[in-house]
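**Q** Here is my input, please return the structure:
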Amino acid sequence: MARLVEVKGHEYVLRALAQLRARCPEIRYDLVGDGPLRPKLEQLVIELGLGETVALHGARDGAFIKTLLAAAHLAVLASVNVEGDQEGQGLFLQEAQACGLPVVATEHGALPEGLLPGQSGLLVPERDVAALAQRLEYLVEHPEVWPEMGRRGRAFVEEHYDISQLNAQLVELYRRTRSVFDQAKG
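**A** Just a heads-up that it's a prediction; the model follows:
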């Protein structure tokens, strides 16, 4: 679930799936989102022979996304640096982990901080199609690790991304800042 723009690294996921499909023909990939790269990605799906593997759903509503997440086994976010443009946190990582999904992400921007490497998800270098395919293949071939990775990811999100806790921290930061400001004023 992401905009169809270069920084999201969709091309690398598709190329990794093409490598993986021969060994794991049952793999399916759902891509939800729209953007300027849609025609290019549709063409790449055809070129790589992924028509039976990849579904490009376009922009969809929250109910559709919830249904997909509930049926998913794994999640992937392969963001890349594009002329200095980087992802921030990668909200999709938290959403997927909150749903109990193991994740594969790139060592990009703040993405490594948004999961527990080796525990709730696996990291790969940016643009490394072979590494991405290998990590995905490992997870596909080891479904016994999914429940524990999912539990750890969900616990990580609950501990670090609970909106009530984050709001309380923000309010406390404002209070401390205001106190310092008031003391400086005299």
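**Q** How are the helices of the protein distributed by residue range?
**A** Remark: helices assigned in the chain by DSSP state H are 10-21, 38-47, 62-71, 91-98, 129-141, 146-160, 163-185.
**Q** Any idea how far the fifth one is from the middle of the chain?
**A** When C-alpha coordinates are averaged (Cα atoms, centre = their mean, to the nearest Å), helix 129-141 and its chain have centres 15 Å apart.
**Q** cool, and the shortest one?
**A** Counting by Cα atoms, centre = their mean, helix 91-98 is centred 7 Å from the centre of its parent chain.
**Q** residues of that helix that come out buried?
**A** Along helix 91-98, these residues count as buried under the neighbour rule (16 or more other Cβ atoms under 10 Å): 92-98. Backbone N, C-alpha and C define where each C-beta goes, glycine included.
**Q** From the contact counts, what lies against it?
**A** Counting contacts by 3 or more Cβ pairs under 8 Å, 6 or more residues apart in numbering; DSSP states H and E, helix 91-98 packs against strand 75-77, strand 103-106, helix 146-160.
**Q** Single out the most deeply packed of these.
**A** strand 103-106 (a mean of 26; mean count of other Cβ atoms under 10 Å).
**Q** Need the residues that contact that strand.
**A** 9, 74-80, 90, 93, 96-97, 111-112, 114-115, 120-126, 132, 135-136, 139, 153 (Cβ atoms under 8 Å, 6 or more residues apart in numbering).
**Q** Okay, and the beta partners of the spatially most central residue of the chain?
**A** Geometric centre of the chain, nearest residue: residue 77, 3.4 Å, by Cα atoms, centre = their mean. Note on residue 77: beta-bridge partners by DSSP bridges are residue 105.
**Q** need the contact list for it.
**A** With Cβ under 8 Å, 6+ apart, residue 77 has these contacts: 2, 8-9, 90, 92-93, 96, 103-106, 111.
**Q** Could you rerun that using 7 Å?
**A** Contacts for residue 77 (Cβ atoms under 7 Å, 6 or more residues apart in numbering) come out as 90, 92-93, 103, 105, 111.
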